[in-house]
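Asker: Return atomic coordinates for the entry below.
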Amino acid sequence: MAMHTRGGRAVLSVMVLGLLVQGCQSNKENGMAGTFGDDVRFLKKHMDVQVLTGGGGKALAAVSADLQGRVLTSSANGPGGLSYGWINRELIASGENNPHINAYGGEDRFWLGPEGGQYSIFFAPGDPFDLEHWFTPPPINEAPYEIAESGDDFVVFTKDMQVGNYSRFAFSLKLKRQIRLLPEEEACRLLDVNVPDGVAMVAFQSENTITNTGPAPWRKQTGLLSVWILGMFNPSEATTVVVPYRPGPPAQLGPIVNDAYFGKVPADRLVVKDEAIYFSGDGRYRSKIGLTSRRAKNLLGSYDARNQVLTLVSYNQPAGPADYVNSMWQIQDEPYAGDAVNSYNDGPASPGAKPLGPFYELETSSPAVELSPGGSLTHIHRTFHFQGPPPLLDAIARATLGVSIDRIRDALK
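Answerer: Numbers count the residues shown, from 1 in each chain. Modelled structure (predicted):
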């Protein structure tokens, strides 16, 4: 896929919206996801794909160096099982490049933050913070990654990158990204759960290390980077995102949830209870939420009642206080008071417009760390899918998210 620069791309915002939605309709709308085998057959027509296997079991994951080392989709029931990742077939088949964003899909994609603010890497110096001027940096949007090592259940990608920020600081870095399918025993140990008979599962992790390969140290006053991992999943009208949080007074911990990214989320789509935050993953209303490190725990998830799939995402959250980049689209008073976890629900950007997907996302970010030349930062992001009858999934939900399946299913009703 060809590299493109930002130069000379003065386009009207209405044209940008058209570019963003062009070719973005999925064949998995309304919760009717297809099979893993069908998705892999399609993907192999357009790119190199490696299918990770779990020692002869039914757990599978598809990855591609051509699409920035993404985990594209996975299955807990072999090739004929449900394909959990959202894949943008029309965009992939078109072969077109969109310098704003190539919304190819995928359950685990590597990005860098911050998105907005005076240290943004998505806006050129002096540009307004609007959709017309928003561009995903080419190294995380359109460039293939190199395969350094691979086996039946893992693959290691590498990529040398250069990105600049809104404050005119130039970053040089090297990415090492290992994708590994997790054996059931290890996955259960990480979550401290048992998987009952009758529940199928697949789990994988990405271990993402960025190293400062430039001559200058990365400092707060010139801007820092964070590792940002985003998972795109198939929506349904019966999908609810669940985000446990740390309770406590706002005067000490700040607001429980930030829902101001795209305008306040309506009350029927976002409910804050004592035990967790519930957010719609129906792919029908463009909205986003986030929690700071003072509120976020190291795990969030979702439940698709239609397909009986419980999805969990965990990450290596630091034990103590840490700085997180602020990705709000504005010059910020607190550029290092951003969110540690986010969830995005897709939908039309304006009345009558086509959605980008539709899909919903579960996202985690690393802290923003000052790095001397040669210094490194590692962020681990894990994805778990459990599929089976609700009574069997209930024990897993209670043990991890602290809530019952019934509570999740009924939270937004």
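Asker: Which positions in the longest helix seen in the chain come out as buried?
Answerer: For the chain, the helix reaching the highest residue count under DSSP state H is reported as helix 390-400. By 16 or more other Cβ atoms under 10 Å, the buried positions in helix 390-400 come out as 390, 392, 393, 394, 395, 396, 397, 400. Where C-beta positions appear, they are placed from N, C-alpha and C, glycine not excepted.
Asker: and what of stretch 91-104?
Answerer: Neighbour-count burial for stretch 91-104, counted by 16+ other Cβ under 10 Å, picks out 91, 92, 98, 99, 100, 101, 102, 103, 104.
Asker: for stretch 242-256, same thing?
Answerer: Judged by neighbour count using 16+ other Cβ under 10 Å, the buried positions of stretch 242-256 are 242, 243, 244, 245, 256.
Asker: What separation do you get for the last one and residue 348?
Answerer: As defined by Cβ to Cβ, to the nearest Å, residue 256 lies at a distance of 27 Å from residue 348.
Asker: if I look at residue 410, how far off is residue 292?
Answerer: For residue 410, the distance to residue 292 equals 28 Å [Cβ to Cβ].
Asker: quick one, which of the two is more surrounded?
Answerer: Higher neighbour count among residue 410 and residue 292: residue 292, with 21 against 12, using other Cβ atoms under 10 Å.
Asker: Going by residue numbers, what spans are helices in the stretch 1-150 of the chain?
Answerer: In the stretch 1-150 of the chain, the helices defined using DSSP state H, counting those that start in this stretch lie at 13-21, 36-44, 89-94.
Asker: mean pLDDT lowest for which of these?
Answerer: Ranked by mean pLDDT, those end with helix 13-21 at the bottom, a mean of 39.
Asker: any low-confidence regions in the stretch 51-200 of the chain?
Answerer: For the stretch 51-200 of the chain, applying pLDDT under 70 flags the ranges 55.
Asker: same thing but 90
Answerer: In the predicted model of the stretch 51-200 of the chain, residues 54-57, 131, 143 satisfy pLDDT under 90.
Asker: Spatially central residue in this protein, please.
Answerer: Centroid-nearest residue in the chain: residue 230, 1.0 Å away (criterion: Cα atoms, centre = their mean).
Asker: got a list of what that one touches?
Answerer: Neighbouring residues of residue 230 by Cβ atoms under 8 Å, 6 or more residues apart in numbering: 108, 109, 111, 344, 361, 362, 363.
Asker: If we use 6 Å, what do you get?
Answerer: Counting by Cβ atoms under 6 Å, 6 or more residues apart in numbering, residue 230 makes contact with 109, 361, 363.
Asker: give me the element it is part of.
Answerer: strand 226-233 (DSSP states H and E).
Asker: Helix or strand next in line after that strand, which one?
Answerer: Remark: after strand 226-233, the chain's next helix or strand is strand 239-243, criterion DSSP H and E.
Asker: Counting by contacts, list what that following strand packs against.
Answerer: Counting contacts by 3 or more Cβ pairs under 6 Å, 6 or more residues apart in numbering; DSSP states H and E, strand 239-243 packs against strand 277-280, strand 299-304.
Asker: Toward the C-terminus from that strand, list the very next helix or strand.
Answerer: Taking DSSP H and E, what comes next after strand 239-243 is helix 250-253.
Asker: got the contact list for that following helix?
Answerer: 294, 295.
Asker: Could you tell me how far that helix lies from the centre of the chain?
Answerer: From the chain centre to the centre of helix 250-253 is a distance of 28 Å (Cα atoms, centre = their mean, to the nearest Å).
Asker: Mind listing the residues bridging to the nearest residue to the residue nearest to the centre of the chain once chain neighbours are set aside?
Answerer: Take residue 230 and drop its neighbours on the chain: the residue closest to it by Cβ to Cβ, 6 or more residues apart in numbering is residue 363, 4.6 Å away. On the basis of DSSP bridges, residue 363 is bridged to residue 230, residue 342.
Asker: what do you get for residue 381?
Answerer: Going by DSSP bridges, residue 381 forms beta bridges with residue 206, residue 315.
Asker: Roughly how far does the residue nearest to residue 230 sit from residue 382?
Answerer: 13 Å.
Asker: what comes up buried for stretch 336-353?
Answerer: Applying 16+ other Cβ under 10 Å to stretch 336-353 flags 336-349 as buried.
Asker: Looking at those residues, which are in helices?
Answerer: Going by DSSP H, the helices hold none of the buried residues of stretch 336-353.
Asker: Out of these, which comes closest to residue 73?
Answerer: Set against residue 73, the nearest of these by Cβ to Cβ is residue 346 (16.9 Å).
Asker: my guess is the closest one meets residue 358, correct?
Answerer: Yes: using Cβ atoms under 6 Å, residue 346 is in contact with residue 358, at 4.6 Å.
Asker: Give the intersection of the neighbour lists for the two.
Answerer: Here residue 346 and residue 358 have residue 283 as joint contacts, going by Cβ under 6 Å, 6+ apart.
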